[in-house]
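Enquirer: the sequence and its predicted three-dimensional model are supplied below.
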Amino acid sequence: MSGHNKWSKIKRKKGVADAKRGKEFTRVIKEITVAVKEGGSSDPEMNPRLRLAIANAKGINMPKENTERAIKKAEESGGAGYEELTYEAYAPGGIAVFVEVATDNTNRTVSNLRSLFSKSGGSLATSGSVAFLFERKGVFEFLLGNYSEDELMLDLIDAGAEDVEVDEDYVTLTCAFEDFGNVQDKLEKMNIEVKKAGVEYIPKTTTALELNEAKKVLRLIEKLEDDDDVQSVYHNLELSDELIAELEQ
């Protein structure tokens, strides 16, 4: 299992605490707002990105009325309010970090990120410093249901699926960035309810650190993920068996 999927598995098994559920709702509401702006429509049938945002809202059990309210508000404003940006940085031990944000105040966002990295022994980097260490991949998460792993791969390979990993009936499917739409359409035709989906930055290689240093990095990652402006955080830290055992306690 890749380091990316190990990290997702740990967070999934721990569950979303009540204190963080509001953050998850905020993240998806921003997805909906930006989707309306970028897609030019509040109709999910005409706006694939909005359809995906709605599916992600459902995946985190956001109440339907919250989703409808967010769409209506985005429609009224034309999706204005948030700007999507990316930041590159180094965490302790030289670990590469790639951060996606949706913000209505870039000065606040940069200040917060710089402070978090500085206090943790890391630093923001110039554009292009770490992006080359990652590749964009489509990632879908859903329950296996009545399919077998082999059946699923056979059905999805023509749509562009590159890898299917199953952990206790929970499926993580990856595909090339260019095939994201094809896989999304195929899953919909198969009536598979996606719990989470999006284009993510997957590290090409990972870097191992001594346990205490690795834990410092993960504490920084958690603080970044808790920031209101941050949508996603990606890193190339290798999650060793020893580190995973510590995290799962």
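Expert: Now that the structure is in, tell me what you want to look at.

Enquirer: what sits closest to Lys72 if chain neighbours are left out?
Expert: Counting by C-beta to C-beta, 6 or more residues apart in numbering, Ser42 is the residue found nearest to Lys72 once chain neighbours are left out, at 7.7 Å. The C-beta positions use only the backbone N, C-alpha and C, and glycine is treated the same way.

Enquirer: surely the one you found and Leu50 touch.
Expert: Yes - contact criterion C-beta atoms under 8 Å: Ser42 and Leu50 qualify, at 7.0 Å.

Enquirer: overlap in contacts of these two?
Expert: Common contact partners of Ser42 and Leu50 (C-beta atoms under 8 Å, 6 or more residues apart in numbering): Val36, Ile71.

Enquirer: and those two? which has more neighbours close in?
Expert: The neighbour count for Ser42 versus Leu50, taken as other C-beta atoms under 10 Å, is higher for Leu50 (27 against 19).

Enquirer: would you confirm that the more buried one contacts Gly39?
Expert: Yes - under the criterion of C-beta under 8 Å, Leu50 makes contact with Gly39 at 5.5 Å.

Enquirer: ok, Val194 - contacts?
Expert: Contacts here follow C-beta under 8 Å, 6+ apart; on that basis Val194 touches Ala55, Gly59, Phe140, Glu141, Phe142, Gln184, Leu187.

Enquirer: what about 7 Å?
Expert: By C-beta atoms under 7 Å, 6 or more residues apart in numbering, the residues touching Val194 are Ala55, Gly59, Phe140, Glu141, Phe142, Leu187.

Enquirer: need the phi and psi values for Ser41.
Expert: phi -150, psi 150 (degrees, to the nearest 10).

Enquirer: could you check how far the closest residue in space to it that isn't next to it in sequence is from Ile32?
Expert: Once flanking residues are discounted, Ser41 sits nearest to Asn47: 4.4 Å by C-beta to C-beta, 6+ apart. Applying C-beta to C-beta, to the nearest Å, the value for Asn47 to Ile32 is 10 Å.

Enquirer: between those two, which one's more packed in?
Expert: Per other C-beta under 10 Å, whichever of Asn47 and Ile32 has more neighbours is Ile32, with 29 against 18.

Enquirer: contacts for the helix or strand hosting the more buried one next, please.
Expert: In this assignment (DSSP states H and E), Ile32 forms part of helix 18-39. The set of residues external to helix 18-39 that reach it, using C-beta under 7 Å, 6+ apart, is 16, 42, 47, 49-50, 53, 56-57, 60, 62, 66, 70-71, 74-75, 78-82, 84, 102, 226, 228, 231.

Enquirer: can you rerun that using 8 Å?
Expert: Here helix 18-39 has contacts from 16, 42, 46-50, 52-54, 56-57, 60, 62, 66-67, 70-71, 73-75, 77-82, 84, 102, 225-226, 228, 231, using C-beta under 8 Å, 6+ apart.
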